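Peer 1: Provided below are the primary sequence and the corresponding predicted coordinates.
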Amino acid sequence: MCPVVLLALGLSFLLFLLEVVAALSVAFSPARVEKLKQGDVTEVGFSLTSKSLSAERFYSAVSENPDIASVLHLQVNYSAPDGAYVNGTFSVKGNFLGHTRIRLEERIGNGTSHVSKEILPTSVIRKQSVLSLVFMVSVAILVSLNYINMGCALDIETVKSVMKRPIGPVVGFFSQYLAMPLIAYGLAKFLFKEAYLQLGLFTFGCSPGGGASNMWTVLLGGNLNLSVAMTFISTIAALGTMPMWLFTLGRSLFEDASVRVPFRNIFTTLISMTIPLAIGLLLQRFRPKVAAFCRRILAPVSVAMILYIVAFGTYANLYMFSLFSWQVMLAAAATVWSGFLVGAVASRICGLPWADVLAVSVETGVQNTGIAIVLLGFSLPQPESDIAAVVPVAASLVTPVPLIIVAIGRKVYTRCCGDKEAAKRKNTHQVGVPDPEKCILSASATSSANGSIAAAEKLIPDYGSILRNPHSA
């Protein structure tokens, strides 16, 4: 081999050794910065022994993600006579929730730079805002008040008949607690690499139906009695189904997390739902005029509440939008919308009427995001719990999209086709078919033979039940 080549290789090896020897060895105090609140500043000390012989040395602390935490005010002290031993301090400011790492860098006058092998792990958490607290309290109060309206609209006899032949609740139960957790688990494994985001989506999929499902059922013309019964059953079942899923499949997503099911919050949800419904039923019994008024305002109040939750909730949680990614939005939308589809298809296969299909579909897709967020807060440390909560929050934002489309389509169909059907009935009356109201009046005036009643029933079979008891008309 050429001596020049050997010399070049030897010099390269020596330079490599010099770089290794010159690499910084830094000790940070504290060794990590944990749970630094947004906007707060903390001081970090450091010490190192420089291997460089250069008199011109400059030091800086560099954050891998300055958007999460930035470095301020670095001060350096040279303790040894030759300046080899260096210590100093710098400040770290929390900017946004998340994780980052900080390293120390040494730049020498000849342009060479060395980066410390040691890192300073840094985590930033968000400050609890008064706005978020006001939003949560106001929503809880408004939902409870609207449950009173729903109690006024409930038909206990219909609820009893639903429970005697519980096809709808059974279909909803299996859609809610078999299909939804498996869908969420599959999407979590496919779309997310971070374990806490996987657990966030899976926890959302295991949650019971949310209170907004009843409001959406009212707006879409679904079976409110079935919807309320399913919400109640779903919330009670969550006491057993959530631990079952979280301690089986959930363990494979986040083995290090101490998963704690929020039983207290589930019981609180049951109580906050049961008491207002009972008040509404009592109003039906003892204050029928008040109950009638509550029934009339149920739909517009539900619309106003949904708009309030979406608008105020978005403003109170604006920080979440910085955490949204296409994976988060896709996972949230696919989970919720798959729930709507599974509930609708399963209930239709079982032969349920369209009002029940709507109730089952909405109940399956609309989840209780509050329980999911509380569970994540109990199970994960900060800031992982807040970052994982972005999944149920994103799901709550995409949930109304298909429901609004269906509501608008239903409104358009009712206006267009409803007018056509009314005109068709009017034309039918003009060509000789008696007006139903006149038939009712004439039947009321006739208290004679059952044969005439039977003849009228043959003429207008739809009003036969009224004609059999004319005095009730």
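Peer 2: On my side now, so go ahead.
Peer 1: Could you report the distance from the closest residue to residue 98 other than its chain neighbours to residue 388?
Peer 2: With C-beta to C-beta, 6 or more residues apart in numbering as the measure, residue 68 is the residue that lies nearest to residue 98, at 4.3 Å, once sequence neighbours are left out. C-beta coordinates here come from the backbone N, C-alpha and C atoms, glycine included. With distances taken as C-beta to C-beta, to the nearest Å, residue 68 is found 16 Å from residue 388.
Peer 1: again with residue 161
Peer 2: 42 Å.
Peer 1: Mark out where each domain of this protein begins and ends.
Peer 2: Domains of the chain are assigned by automatic domain parsing as 25-125, 130-398.
Peer 1: Looking at those domains, spot the one closest to residue 413.
Peer 2: Residue 413 sits nearest to domain 130-398 of all the domains of the chain, at 10.7 Å, using C-beta to C-beta.
Peer 1: Just the endpoints, please. Distance across the closest one?
Peer 2: 25 Å (C-alpha to C-alpha, to the nearest Å).
Peer 1: likewise stretch 91-99?
Peer 2: Per C-alpha to C-alpha, stretch 91-99 runs 17 Å from first to last residue.
Peer 1: Contacts for that stretch next, please.
Peer 2: Contact with stretch 91-99 is made by 33, 36-44, 63, 65-73, 102, 120-126, 319, 322, 382-383, 386-387, as judged by C-beta atoms under 8 Å, 6 or more residues apart in numbering.
Peer 1: Restricted to helices, list those residues.
Peer 2: Taking DSSP state H as the definition of helices, the contacts of stretch 91-99 contribute 386, 387.
Peer 1: Okay, and which of the contacts of stretch 91-99 map to strands?
Peer 2: Counted as lying in strands by DSSP state E, out of the contacts of stretch 91-99, are 33, 36-37, 41-44, 63, 69-73, 102, 120-125.
Peer 1: Pull out the buried residues from those.
Peer 2: 33, 36, 44, 63, 69-71, 102, 120, 122-125 (16 or more other C-beta atoms under 10 Å).
Peer 1: out of those, what pair is the most spread apart?
Peer 2: 71 and 125 (18.5 Å).
Peer 1: Compare residue 68 and residue 388 (neighbour count), which wins?
Peer 2: More neighbours surround residue 388 than the other of residue 68 and residue 388, with 31 against 21 (other C-beta atoms under 10 Å).
Peer 1: List the contacts of the more buried one.
Peer 2: The contact partners of residue 388, by C-beta under 8 Å, 6+ apart, come to 196, 197, 199, 200, 203, 376, 380.
Peer 1: which one of those is nearest residue 291?
Peer 2: residue 203 (37.9 Å).
Peer 1: one step back: same list (the domains of the chain) but as a markdown table, adding distance to residue 415 and mean pLDDT.
Peer 2: Output for the domains of the chain, formatted as a markdown table (distance: least, C-beta to C-beta, whole Å; pLDDT from 0 to 100):
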| stretch | distance to residue 415 | mean pLDDT |
| --- | --- | --- |
| domain 25-125 | 47 | 83 |
| domain 130-398 | 14 | 85 |
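Peer 1: Could you export the ones you listed as TSV, including distance to residue 404?
Peer 2: Output for these, formatted as TSV (distance: least, C-beta to C-beta, whole Å):
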stretch	distance to residue 404
domain 25-125	31
domain 130-398	9
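Peer 1: Tell me which of these sits most buried.
Peer 2: Of the domains of the chain, the one with the most neighbours on average (mean count of other C-beta atoms under 10 Å) is domain 130-398, at a mean of 20.
Peer 1: now the strands: where do they sit in this structure?
Peer 2: Counting by DSSP E, the strands of the chain are 26-29, 33-37, 41-49, 57-63, 69-78, 85-94, 98-108, 113-115, 120-125.
Peer 1: For the fifth one, output the C-alpha coordinates as PDB.
Peer 2: Just to be clear, that refers to strand 69-78. Taking C-alpha atoms only, strand 69-78 is exported to PDB below (Å, rounded to 0.1, in the frame of the first residue of the first chain):
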ATOM      1  CA  ALA A  69     -39.100  24.700  25.700                       C
ATOM      2  CA  SER A  70     -36.500  27.400  25.000                       C
ATOM      3  CA  VAL A  71     -33.200  28.300  26.600                       C
ATOM      4  CA  LEU A  72     -32.600  31.800  28.100                       C
ATOM      5  CA  HIS A  73     -29.800  33.600  29.800                       C
ATOM      6  CA  LEU A  74     -26.800  31.200  29.700                       C
ATOM      7  CA  GLN A  75     -23.900  32.300  32.000                       C
ATOM      8  CA  VAL A  76     -20.500  30.600  32.100                       C
ATOM      9  CA  ASN A  77     -17.800  30.600  34.800                       C
ATOM     10  CA  TYR A  78     -14.200  29.300  34.200                       C
END
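Peer 1: Just the angle for that strand relative to strand 57-63, thanks.
Peer 2: Computed by axes from the mean of the first three to the mean of the last three C-alpha atoms, to 10 degrees, the angle separating strand 69-78 from strand 57-63 equals 160 degrees.
Peer 1: Just want the angle from strand 69-78 to strand 98-108.
Peer 2: Using the same axes, to 10 degrees: strand 69-78 against strand 98-108 is 30 degrees.
Peer 1: what's the answer for the fourth one, then?
Peer 2: Relative orientation of strand 57-63 and strand 98-108, computed by the same axes, to 10 degrees: 170 degrees.
Peer 1: neighbouring contacts of strand 57-63?
Peer 2: 44, 46, 50, 69-71, 74, 76, 83, 86, 88, 90, 92, 100-109, 115, 122.
Peer 1: From the chain's centroid, how far away is it?
Peer 2: The chain centre lies 42 Å from the centre of strand 57-63; the measure is C-alpha atoms, centre = their mean, to the nearest Å.
Peer 1: same deal with the fifth one?
Peer 2: Remark: strand 69-78 is offset 41 Å from the chain centroid, using C-alpha atoms, centre = their mean.
Peer 1: what comes up buried for stretch 401-411?
Peer 2: Buried residues in stretch 401-411 (16+ other C-beta under 10 Å): 402, 403, 406, 407.
Peer 1: Skipping adjacent residues, who's closest to residue 337 in space?
Peer 2: Residue 337 sits nearest to residue 402 (C-beta to C-beta, 6+ apart), 6.0 Å away.
Peer 1: How much space separates the one you found from residue 99?
Peer 2: 35 Å.
Peer 1: go on, residue 60?
Peer 2: For residue 60 relative to residue 99 (C-beta to C-beta), the value is 21 Å.
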